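> after the sequence you'll find the predicted model.
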Amino acid sequence: MKEYWTSLASLLGVLAFCQSLLQVIFPPELRFASLKFLNRVFQLFSSYCYFDITEIDGVNTNELYNAVQLYLSSSVSITGNRLSLTRALNSSAITCGLSNNDSIVDTFNGVMVLWEHVVTQRQAQTFSWRPLPDEKRGFTLRVKKKDKPLILDSYLDYIMEKANEIRRLNQDRLLYTNSRGGSLDSRGHPWESVPFKHPSTFDTLAMDPVKKKEIMDDLKDFASGQLFYQKTGRAWKRGYLLYGPPGTGKSSMIAAMANFLSYDIYDLELTEVHNNSELRKLLMKTSSKSIIVIEDIDCSINLTNRKKNSQSTKNYYDPEVRCGSGSVCGEDGGNSITLSGLLNFTDGLWSCCGSERIFVFTTNHIEKLDPALLRSGRMDMHIYMSYCSYPSLMILLKNYLEYDEAKLNDVILKELEEVVEKANMTPADVSEVLIKNRRDKDKAVRELLEALKIRAGRNLKREKNPNEVEEEEQEKRALESPKEGSEFEAETCSKEEEEEEKMK
Ligand SMILES: Nc1ncnc2c1ncn2[C@@H]1O[C@H](COP(=O)(O)OP(=O)(O)OP(=O)(O)O)[C@@H](O)[C@H]1O
Ligand SMILES: [Mg+2]
């Protein structure tokens with residue numbers, strides 16, 4: 001066996017020698033033909049095959065070249081000694097690349113391959129439709145002949161997928177809005193975008209840690225669930241309904257979700273959409289790996305339809321409920337969107353025109369929403385964003401004051417624990433007290449405790465004598481705003497109220 005390898009090596013050596021000899025002896029025309037012949041012989045004996053991926057394919061940029069460059073950037077940054085660094089447009093991240101004529105080994109499914117970045121000087125250009133760069137760049141992939149099918153079947157697809165992922169992660173995320181009221185931009189897009197820089201994360205979000213973990217796991221399962229969704233024949237999308245009083249973190253949760261998954265956000269302003277087909281067009285122009293948000297859904301949907309629906313007993317199978325009264329199912333024909341339009345938007349055939357999309361609706365009044373909108377498949381997870389609980393309070397104290405349970409006095413901790421559940425104070429109100437006093441941390445805790453006690457006392461009074469408190473609050477609401485009151489508004493304590501309580 002050893003002899004066989006020795007003779008093969010010497011044969012290859014001879015071939016290489018002949019190759020260089022030919023370059024010297026033969027005239028150019030003959031040299032080319034003989035080189036081709038020798039290469040064939042060489043490749044016949046070699047156990048490797050080679051793939052060339054050039055940067056420019058004819059006159060077009062080769063997508064695969066860019067993908068390989070990005071894909072290799074992750075391994076190159078770890079192993080390479082000499083790296084080329086680039087920063088793409090719309091990106092705040094720097095990408096490492098393989099330097100000119102450098103090579104790197106990669107493994108895929110246990111198969112080892114070698115990548116070489118080949119850069120040569122381009123010969124003088126005769127004529128081209130577009131000016132080409134002076135350098136001719138490309139990657140050469142060397143694989144064992146026996147591994148060729150694997151490489152062609154899955155490795156290159158894997159590279160494309162990974163490269164897209166890296167590109168997405170490197171790029172700043174975007175927040176899209178349709179606030180232009182249906183008009184299109186110069187490229188025919190109905191969405192306008194700005195870089196999305198909201199700092200809210202699941203770490204900064206104050207909520208029950210068990211519930212938080214459940215949501216994070218659900219998001220993770222969703223993002224990695226392509227095969228599952230394919231296997232079960234479901235569209236790769238998921239709906240979350242966030243409900244609860246104002247200031248409990250619904251919008252912050254959406255930002256945290258987007259930051260967690262690195263998804264773009266499409267903030268859909270329903271009042272700017274004129275009809276169902278416009279809604280559908282907007283949906284078609286959203287990209288995958290995005291969160292489509294409709295905030296305060298109860299305030300934005302066509303209330304004339306909804307009010308009529310709510311007069312009858314709500315039943316999902318009732319055609320009036322499904323289509324919105326006075327409209328033909330699936331299309332309204334008028335200039336306002338109907339419930340059916342919205343249902344189709346989230347769950348109809350069109351909702352699957354992209355993939356990996358999350359729908360998030362928020363509301364302060366879940367009871368006002370139509371049952372059809374709430375069913376599983378549309379809104380798969382209903383998340384109640386609650387008033388500040390003790391665990392949430394601890395998160396806020398840690399985030400705002402860098403106080404944890406160990407740093408706080410036991411007596412204060414006990415008082416906080418007792419009073420926080422009774423106070424029904426929103427995380428927004430708690431944050432406000434902490435921000436206001438953040439230079440004096442002890443004062444911040446004292447004031448917070450005070451505020452919580454006032455709220456708890458008021459709530460207790462309401463429990464004992466609901467009518468008296470209700471009347472007082474109704475009077476106040478009437479003075480403050482002529483609008484219809486809500487249970488949450490009733491519970492939100494105004495600054496004057498607090499002052500009054502303090503005076504007592
Ligand atoms: N759960 C929370 N965790 C951390 N911060 C919170 C939380 N809830 C509210 N906040 C703070 O309060 C501010 C307002 O919260 P946010 O806008 O998320 O509330 P919301 O529930 O969306 O209110 P609305 O119903 O009025 O839209 C945020 O900027 C954030 O700083
Ligand atoms: Mg909000």
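Cool, the structure landed. Ligands and ions are numbered 1, 2, ... in the order given.

> residues from the stretch 151-300 of the chain in reach of ligand 2?
Residues of the stretch 151-300 of the chain lying close to ligand 2 (CB under 5 Å from the ion) are Lys250, Ser251. Placement of C-beta: from N, CA and C, glycine included.

> which regions of the stretch 151-300 of the chain sit below the pLDDT cut-off?
180-188 (pLDDT under 70).

> contacts only, for the residue of it found nearest ligand 1.
Ranked by CB to the nearest ligand atom, the top residue of the stretch 151-300 of the chain for proximity to ligand 1 is Gly249, at 2.7 Å. Shown in contact with Gly249 (CB atoms under 8 Å, 6 or more residues apart in numbering): Leu205, Ala206, Met207, Met385, Pro427, Ala428.

> out of those, who's nearest Leu397?
Set against Leu397, the nearest of the contacts of Gly249 by CB to CB is Ala206 (9.4 Å).

> quick check: what element follows the lowest-mean-pLDDT helix or strand in the chain along the chain?
Scoring the helices and strands of the chain by mean pLDDT, DSSP states H and E places helix 319-323 at the bottom, with a mean of 39. Note on helix 319-323: by DSSP states H and E, the next helix or strand toward the C-terminus is helix 339-347.

> which helices and strands sit right next to that following helix?
Helices and strands touching helix 339-347, by 3 or more CB pairs under 8 Å, 6 or more residues apart in numbering; DSSP states H and E, are helix 276-284, helix 303-311, helix 319-323, helix 371-374.

> just the buried positions in the first one, please.
Spelled out, it's helix 276-284. For helix 276-284, the neighbour count (16 or more other CB atoms under 10 Å) marks Asn276, Glu278, Leu279, Arg280, Leu282, Leu283 as buried.

> could you do the shortest one as well?
Along helix 371-374, the positions that meet the burial threshold by neighbour count (16+ other CB under 10 Å) are Ala372, Leu373, Leu374.

> now pLDDT too, for the residues you listed, in TSV please.
Listed next are the buried residues of helix 371-374 as TSV, based on pLDDT from 0 to 100:
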residue	pLDDT
Ala372	87
Leu373	86
Leu374	88
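
> who in the stretch 201-350 of the chain is up against ligand 1?
Residues of the stretch 201-350 of the chain lying close to ligand 1 by CB under 6 Å from any ligand atom are Thr204, Leu205, Ala206, Met207, Pro246, Gly247, Thr248, Gly249, Lys250, Ser251, Ser252.

> wait, is the fourth one part of a strand?
So the one you mean is Met207. No: under DSSP: H, G, I helix; E, B strand; the rest coil, Met207 sits outside any strand and is assigned coil.

> mind listing what it touches?
Each residue near Met207 by CB under 8 Å, 6+ apart is listed here: Gly249, Met253, Met385, Ser386, Ser389, Pro391, Ser392, Ile395, Pro427.

> go ahead and confirm Pro195 touches Gln171.
No: using CB atoms under 8 Å, Pro195 is not in contact with Gln171; the gap is 9.6 Å.

> give me the more crowded residue out of these two.
Using other CB atoms under 10 Å as the criterion, Pro195 and Gln171 rank with Gln171 on top: 17 against 11.

> that one pairs with what?
Counting by DSSP bridges, Gln171 forms beta bridges with Ser91.

> and the residue of the stretch 251-400 of the chain at minimum distance from ligand 2, how close does it get to Gly244?
Using CB to the ion, the single residue of the stretch 251-400 of the chain nearest to ligand 2 is Ser251, 3.2 Å away. Ser251 sits 11 Å away from Gly244, going by CB to CB, to the nearest Å.

> please say which of the two ends up with more neighbours.
Ranked by neighbour count (other CB under 10 Å), Ser251 and Gly244 place Gly244 first, with 22 against 19.

> list the contacts for the more buried one?
For Gly244, the contact set (CB under 8 Å, 6+ apart) comprises Lys250, Asn364, Tyr384, Met385, Ser386.

> what does the helix or strand where Val411 lies contact?
Element membership for Val411, per DSSP H and E: helix 410-423. With CB under 8 Å, 6+ apart as the test, helix 410-423 has contacts from 387-390, 393, 405, 408, 445, 448-449, 451-453, 455-456, 459-460.

> now tabulate the contacts of Met207 in JSON lines and tack on secondary structure.
Listed next are the contacts of Met207 as JSON lines, based on three-state DSSP:
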{"residue": "Gly249", "secondary structure": "coil"}
{"residue": "Met253", "secondary structure": "helix"}
{"residue": "Met385", "secondary structure": "coil"}
{"residue": "Ser386", "secondary structure": "coil"}
{"residue": "Ser389", "secondary structure": "coil"}
{"residue": "Pro391", "secondary structure": "helix"}
{"residue": "Ser392", "secondary structure": "helix"}
{"residue": "Ile395", "secondary structure": "helix"}
{"residue": "Pro427", "secondary structure": "helix"}
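
> filter these to the buried ones?
Gly249, Met253, Met385, Ser386, Ser389, Ser392, Ile395, Pro427.

> what's the fourth one sitting at in phi/psi?
The phi and psi torsions at Ser386 (degrees, to the nearest 10) take the values phi -100, psi 170.

> re the thing from before, farthest pair in the contacts of Gly244?
Greatest spacing in the contacts of Gly244, by CB to CB: Asn364 and Ser386 (12.8 Å).

> thinking again about what came up before, and the residue of the stretch 251-400 of the chain closest to ligand 2, that's in a helix?
Yes: checked against three-state DSSP, Ser251 lies within a helix.

> which residues touch it?
For Ser251, the contact set (CB under 8 Å, 6+ apart) comprises Glu295, Thr362.

> same check, this time on Leu397
Taking CB under 8 Å, 6+ apart as the test, what Leu397 contacts is Tyr403, Asp404, Leu408, Leu434, Val445.

> which residues does the residue in the stretch 401-504 of the chain that ligand 2 sits nearest to contact?
Relative to ligand 2, the nearest point of the stretch 401-504 of the chain is Ala428 (9.6 Å; CB to the ion). In this structure, Ala428 makes contact with Pro246, Gly247, Thr248, Gly249, judged by CB under 8 Å, 6+ apart.

> give me the three-state assignment for it.
Ala428 ends up helix, using three-state DSSP.

> what about the helices in the stretch 401-504 of the chain?
For the stretch 401-504 of the chain, applying DSSP state H, counting those that start in this stretch gives helices covering 410-423, 427-436, 441-464, 466-480, 487-491, 495-503.

> mean pLDDT lowest where, among the ones you listed?
Taking the average pLDDT of each of the helices of the stretch 401-504 of the chain, the minimum falls on helix 487-491, with a mean of 44.

> since we're on Glu269, how many residues are nearby?
Glu269: 16 neighbours (other CB under 10 Å).

> same question, the one 5 residues further on
Neighbour count of His274, defined by other CB under 10 Å: 15.

> just to be sure, it is in a strand?
No: if the criterion is three-state DSSP, then His274 is coil and not within a strand.

> distance of Ile412 relative to Leu434?
Applying CB to CB, the value for Ile412 to Leu434 is 14 Å.

> more neighbours: those two, which one.
The residue with more neighbours, out of Ile412 and Leu434, is Leu434; 21 against 15, by other CB under 10 Å.

> separation between the more buried one and Glu421?
In this view, Leu434 and Glu421 are 18 Å apart by CB to CB.

> equivalent analysis for Asn364, please.
Look at Asn364 and Glu421: by CB to CB, they are 21 Å apart.

> right, I'll leave it there.
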